[in-house]
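Q: Have a look at this fold, sequence not included:
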């Protein structure tokens, strides 16, 4: 088995730029899966994918974007794995939304991506992302009024 070699600054980049954003990626993964175990699996797959192409992550203007994108790409492979998802009113409200709508809200309002960056993460036109974001915000506000 060949030993993989990275640039000298790769370890520092991984620790300082990627590991410090793990909580952001987990929040996005949980919003997509609504399941603790599936979210963890999604995050693990996202980090593995980014490590496999660490150079691309280093070239990104925001290192969170490649991680979030890898998380979204991993999402379809981990759906429905079981485990705890929670039973709060907020979780119930989030379950009533599509994964795109939940993801848009969490990507922009939860982890701080710009609409442009979130559109890149979800591989959709920015206009569609903004529509999903508006729908999610509207539903959250309406749901909050009933909580």
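A: Here it is on my side, so go on. Keep in mind that this is a model prediction, so the values were computed, not measured.
Q: C-alpha only now, for contacts and for neighbours.
A: Fine.
Q: where do the helices sit along this structure?
A: Along the chain, counting by DSSP state H, helices occupy 10-13, 22-33, 36-52, 54-59, 64-78, 89-95, 99-105, 115-121, 126-146.
Q: So which residues make contact with the first one?
A: Just to be clear, that refers to helix 10-13. Outside helix 10-13, the residues that touch it by C-alpha atoms under 8 Å, 6 or more residues apart in numbering are 54, 58.
Q: sorry, back to before: from the helices of the chain, which stretch is densest packed?
A: Comparing the helices of the chain by mean neighbour count (mean count of other C-alpha atoms under 10 Å), helix 99-105 comes out on top with a mean of 25.
Q: Residue 126 versus residue 114, what's the distance?
A: Distance, residue 114 to residue 126, using C-alpha to C-alpha, to the nearest Å: 10 Å.
Q: Equivalent analysis for residue 108, please.
A: Distance, residue 108 to residue 126, by C-alpha to C-alpha: 12 Å.
Q: now do residue 28
A: Using C-alpha to C-alpha, residue 28 is found at 18 Å from residue 126.
Q: ok, now residue 143?
A: 25 Å.
Q: for the protein, where's the lowest mean pLDDT among helices and strands?
A: The weakest-scoring helix or strand in the chain, judged by mean pLDDT, DSSP states H and E, is helix 89-95 (a mean of 80).
Q: pretty sure residue 70 is touching residue 50, no?
A: Yes - here residue 70 reaches residue 50: they are 7.0 Å apart, a contact under C-alpha atoms under 8 Å.
Q: most centrally placed residue in the chain?
A: residue 28 (3.3 Å; C-alpha atoms, centre = their mean).
Q: Now for that one: which residues touch it?
A: Residues near residue 28 by C-alpha under 8 Å, 6+ apart: 68, 71, 103, 106, 107, 110, 111.
Q: Verify the stated contact: residue 99 with residue 32.
A: Yes - under the criterion of C-alpha under 8 Å, residue 99 makes contact with residue 32 at 5.2 Å.
Q: can you list the weak-confidence ranges in this protein?
A: Along the chain, segments meeting pLDDT under 70 span 1-8, 79-88, 144-147.
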